[in-house]
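K.L.:
Provided below for reference: sequence and predicted model.
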Amino acid sequence: MNRRSFLSSLALATTAAAIAPTRLFATTPSTRPRLGLIGCGWFGGLDLESFLQLGAAEVVSLCDPNAHALANTLQLVARYQATAPRTFADYRGMLASGDHDIVIVATPDHWHALPAIDAMRAGADVYLEKPVGVDVMEGEALVAAARQYRRVVQVNTQRRSNPHFAVARDRFIRSGRLGAIGLVEGYCYLPNRPAEPMPPVEPPAHLDFNLWSGPAPVRPFVAAVESRGWRNFTEYGNGVIGDMGVHVIDFVRWMLGLGWPELIHSTGGIYVHRDASANISDTQRSVFRYRHLDVSWEHRTWGGSRIPSRHWTDQWGASFIGEHGTLHTTLFGYEFVPADGSPREGFHLLSRTGDLENIDFEPWMDRFLGIQALHVADFLKCRETRQRPAGDIEEGHISSACCALANIAQDLGRPLQYDPKNRSVPGDAEATRRLARSYRAPWVHPVLTHV
């Protein structure tokens with residue numbers, strides 16, 4: 001996408017022409033913050049391009065144990081700046097220079113915590129992909145590091161910067177039009193877990209698979225791991241809930257002003273595609289209990305969607321059910337259905353007319369990048385003011401931990417009550433033990449007393 005298309009999409013995403021601070025576009029190479037990217041895969045490229053499109057940073061370093069990913073990202077950077085960044089396979093070599101103002105961490109989930117903490121220790125503010133980590137104690141350590149080193153850490157939960165979510169919240173929740181809300185149903189029905197076996201193969205020569213595996217157990221390599229297929233394995237993440245669910249739980253908490261749930265329970269497993277190589281759940285139903293409110297999560301990677309969809313992204317969202325109606329929210333739109341049968345109200349960002357009709361399927365990525373840029377702009381603004389950003393690390397940690405705790409509850413077959421003050425599950429030694437996973441040597445799990 002060229003700069004003209006990008007700025008147009010940015011304006012459309014906010015329904016206003018001038019959303020990004022003009023000073024972001026007016027910086028010169030000598031005044032731009034120096035940026036390093038750790039993790040040059042698909043999302044790393046999207047995150048980096050948002051900074052580049054805003055003209056907001058000079059990219060000085062790229063890091064990935066996959067040489068092909070490095071080469072592709074070098075080509076991306078070359079479209080925006082004349083100076084080629086340094087390249088590294090090991091993030092420790094990249095951070096040793098100590099000359100980064102910003103570090104993006106967009107690795108697979110099992111590699112989020114250590115590079116982010118080390119980047120903060122090295123003096124950088126961090127733009128961190130969600131979830132913040134794979135286990136609860138990684139998140140606790142990330143929050144501790146951000147506060148100890150006084151770093152601005154923005155988690156890429158970009159719905160917090162999405163204007164139509166704020167509009168829906170204000171029009172229907174804060175205004176009282178929904179009335180008392182007793183249930184929120186989050187869901188994802190996208191078929192994003194392969195149903196077939198994936199035969200093990202030798203890792204390709206361009207990938208240092210041992211370094212890529214890092215603190216995770218080394219499991220047989222399958223080709224899909226290179227193209228985001230690592231999400232299908234519990235060694236590297238928390239499955240669909242840890243990928244898609246963290247977004248939904250996060251924006252629901254943000255829209256309703258919720259913190260930690262009082263109780264979490266979850267059921268599910270591999271019910272349908274039992275012959276697949278993937279070991280994450282293909283079915284899961286979780287409930288996060290708050291006072292006078294349940295927030296539920298449901299995903300199936302089989303059987304299609306039970307939600308009427310205008311666009312594929314409509315199969316992933318949340319419905320706020322109140323006494324006066326239901327508010328349906330998705331990545332690109334919202335719809336309010338009054339309980340009394342009066343006309344529906346709504347908005348869809350992919351609509352040529354802004355309403356719920358005339359959906360245009362082509363520009364969805366342009367619109368998404370516009371939303372993403374708003375989240376990056378918020379991070380850049382907070383770097384200057386030293387205030388906490390919209391997706392502050394503590395909020396990202398709570399949402400990520402909810403997903404990890406749901407998986408623990410599912411595995412143990414019992415509800416959990418997490419105590420964030422004491423960082424334990426009272427009365428449940430096994431659940432407390434699972435708050436921190438084992439790291440493969442020589443990597444060491446971060447601890448709160450030494451971040």
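P.N.:
Thanks, I have it.
K.L.:
Met137: what secondary structure?
P.N.:
On the three-state scheme (DSSP: H, G, I helix; E, B strand; the rest coil), Met137 is labelled helix.
K.L.:
chain neighbours aside, what residue packs nearest to it?
P.N.:
Ala436 (3.9 Å; CB to CB, 6 or more residues apart in numbering). Every residue, glycine included, has its C-beta placed from N, CA and C.
K.L.:
residue contacts, the one you found?
P.N.:
Asp135, Val136, Met137, Glu138, His445 (CB atoms under 8 Å, 6 or more residues apart in numbering).
K.L.:
against His397, how distant is it?
P.N.:
Distance of Ala436 to His397, computed by CB to CB, to the nearest Å: 14 Å.
K.L.:
show me what the helix or strand containing Ile321 is packed against.
P.N.:
Assessed by DSSP states H and E, Ile321 sits inside strand 316-322. With contacts taken as 3 or more CB pairs under 8 Å, 6 or more residues apart in numbering; DSSP states H and E, strand 316-322 sits against strand 181-188, helix 246-256, strand 325-330.
K.L.:
any idea how far stretch 259-272 is from the chain center?
P.N.:
19 Å (CA atoms, centre = their mean, to the nearest Å).
K.L.:
need the contact partners of that stretch.
P.N.:
195, 253, 276, 279-291, 295, 302-303, 398, 402, 405-407, 409-410, 414-418, 420.
K.L.:
which ones among the residues you listed lie within strands?
P.N.:
Thr283, Gln284, Arg285, Ser286, Val287, Phe288, Arg289, Tyr290, Val295 (DSSP state E).
K.L.:
and stretch 284-299, average pLDDT?
P.N.:
For stretch 284-299, mean pLDDT rounds to 98.
K.L.:
go through that stretch and flag the buried ones.
P.N.:
By 16 or more other CB atoms under 10 Å, the buried positions in stretch 284-299 come out as 284-290, 293, 295-299.
K.L.:
hmm, back to that, from the contacts of Ala436, which is closest to Leu52?
P.N.:
Glu138 (28.8 Å; CB to CB).
K.L.:
isn't that closest one right up against His110?
P.N.:
No: the pair Glu138 / His110 is not scored as a contact, 9.4 Å apart, by CB atoms under 8 Å.
K.L.:
export the helices and strands packed on strand 316-322 as CSV, with columns for mean neighbour count and mean pLDDT.
P.N.:
Listed next are these as CSV, based on neighbours: other CB atoms under 10 Å; pLDDT from 0 to 100:
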stretch, mean neighbour count, mean pLDDT
strand 181-188, 20, 98
helix 246-256, 23, 98
strand 325-330, 22, 96
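K.L.:
nearest to Pro203, out of the ones you listed?
P.N.:
helix 246-256 (28.3 Å).
K.L.:
distance between the closest one and the chain's centre?
P.N.:
The answer for helix 246-256 is 11 Å, by CA atoms, centre = their mean.
K.L.:
which stretches of this protein have low pLDDT?
P.N.:
Along the chain, the parts satisfying pLDDT under 70 run over 1-30, 352-356, 358-363.
K.L.:
90 instead?
P.N.:
For the chain, the stretches flagged by pLDDT under 90 are 1-31, 227, 304-314, 331-332, 348-371, 449-450.
K.L.:
now the strands: where do they sit in it?
P.N.:
34-38, 58-63, 86-88, 102-105, 125-128, 153-155, 181-188, 263-269, 283-290, 293-300, 316-322, 325-330, 333-338, 345-348.
K.L.:
reformat those strands as a markdown table; add distance to Cys382.
P.N.:
Listed next are the strands of the chain as a markdown table, based on distance: least, CB to CB, whole Å:
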| stretch | distance to Cys382 |
| --- | --- |
| strand 34-38 | 16 |
| strand 58-63 | 19 |
| strand 86-88 | 27 |
| strand 102-105 | 12 |
| strand 125-128 | 8 |
| strand 153-155 | 7 |
| strand 181-188 | 27 |
| strand 263-269 | 30 |
| strand 283-290 | 28 |
| strand 293-300 | 27 |
| strand 316-322 | 26 |
| strand 325-330 | 25 |
| strand 333-338 | 26 |
| strand 345-348 | 27 |
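K.L.:
closest to Arg386 out of those strands?
P.N.:
Between Arg386 and the strands of the chain, the tightest spacing by CB to CB is seen for strand 125-128, at 9.4 Å.
K.L.:
if we can go back for a sec, mind checking how far the residue nearest to Met137 is from Ser424?
P.N.:
According to CB to CB, Ala436 stands 11 Å off from Ser424.
K.L.:
do the same with Thr385
P.N.:
35 Å.
K.L.:
nearest to Pro308 among the buried residues of stretch 284-299?
P.N.:
Nearest to Pro308 among those, counting by CB to CB, is Glu298 at 16.1 Å.
K.L.:
got a list of what that closest one touches?
P.N.:
Glu185, Gly186, Tyr187, Cys188, Gln284, Arg285, Ser286.
K.L.:
show the contacting residues for Ser342.
P.N.:
Ser342 neighbours (CB under 8 Å, 6+ apart): none.
K.L.:
just want the phi and psi numbers for it.
P.N.:
phi -70, psi 170 (degrees, to the nearest 10).
K.L.:
what about Glu384, neighbour count?
P.N.:
Neighbour count of Glu384, defined by other CB atoms under 10 Å: 11.
K.L.:
with distance to Gln81 added, can I get the helices and strands packed on strand 316-322 in TSV?
P.N.:
Listed next are those as TSV, based on distance: least, CB to CB, whole Å:
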stretch	distance to Gln81
strand 181-188	37
helix 246-256	31
strand 325-330	35
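K.L.:
which of those sits closest to Ser61?
P.N.:
Closest among those, using CB to CB: helix 246-256, at 27.2 Å.
K.L.:
the closest one vs strand 325-330, what angle?
P.N.:
If you take axes from the mean of the first three to the mean of the last three CA atoms, to 10 degrees, helix 246-256 sits at 140 degrees to strand 325-330.
K.L.:
what is helix 246-256 packed up against?
P.N.:
Counting by 3+ CB pairs under 8 Å, 6+ apart, helix 246-256 packs on helix 163-168, strand 181-188, strand 293-300, strand 316-322, helix 393-412.
K.L.:
quick one: buried residues of the first one?
P.N.:
Across helix 163-168, burial judged by 16+ other CB under 10 Å covers Pro163, His164, Phe165, Ala168.
K.L.:
right, I'll call it a day here.
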